[in-house]
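[1] mind looking at a prediction? Sequence and model below.
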Amino acid sequence: MRRRVSIVALATLAWLTASEAALAQSVEAKKGYSLAKQWCTSCHIVAPGQDGSDAAPPFETIANRAEMSSDGLRAWLANPHPPMPNFNLSRTEIDWIIAYLASLRRP
């Protein structure tokens, strides 16, 4: 009986930890969407189905590029090259935008 209780407790703890991580990522993705909507819509379509400029690739396209990694995005956003303006994003803001882009990835 003790063993069963331990297994149930461990399974519950694993589920709670996974749920907490998903919630945190969701919150970060929402913050990233807000930043992208504020700063990026003049050149990018930020959300699927959104009208906007196509001067730069849509975020959904960027998110689903095979060669696009979180580290690559982080480097690009920390030190963008023209024609993208440098918004001087903080590390936290960069992480939020990366979380939003990750939420747009297709399985």
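    Right, received. Where do you want to start?

[2] lowest confidence element among the helices and strands of the chain?
    helix 2-39 (a mean of 65; mean pLDDT, DSSP states H and E).

[3] and after that helix, which helix or strand comes next?
    helix 59-63 (DSSP states H and E).

[4] ok, residues contacting the helix or strand following that following helix?
    Under the assignment DSSP H and E, the closest C-terminal helix or strand after helix 59-63 is helix 70-78. Identification of contacts with helix 70-78 by Cβ atoms under 8 Å, 6 or more residues apart in numbering yields I62, L89, R91, I94, D95, I97, I98, L101, A102. The way it works is simple: take the backbone N, C-alpha and C, and place the C-beta from them, glycine included.

[5] kindly recompute the last result at 10 Å.
    By Cβ atoms under 10 Å, 6 or more residues apart in numbering, the surrounding residues in contact with helix 70-78 are 62-63, 65, 68-69, 84, 86-91, 93-95, 97-99, 101-102.

[6] average pLDDT across it?
    Helix 70-78 comes out with an average pLDDT of 92.

[7] same deal with stretch 92-103?
    Rounded mean pLDDT across stretch 92-103 is 96.

[8] show residues contacting that stretch.
    Contacts for stretch 92-103 (Cβ under 10 Å, 6+ apart): 24-37, 39-40, 46-47, 59-60, 62-65, 68-78, 87, 89-90.

[9] mind giving me the ChimeraX command for buried ones among those?
    Command for ChimeraX that selects the buried part of the contacts of stretch 92-103, burial taken from 16 or more other Cβ atoms under 10 Å:
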select :28,29,31,32,33,35,36,39,40,46,47,59,60,63,73,74,77,89
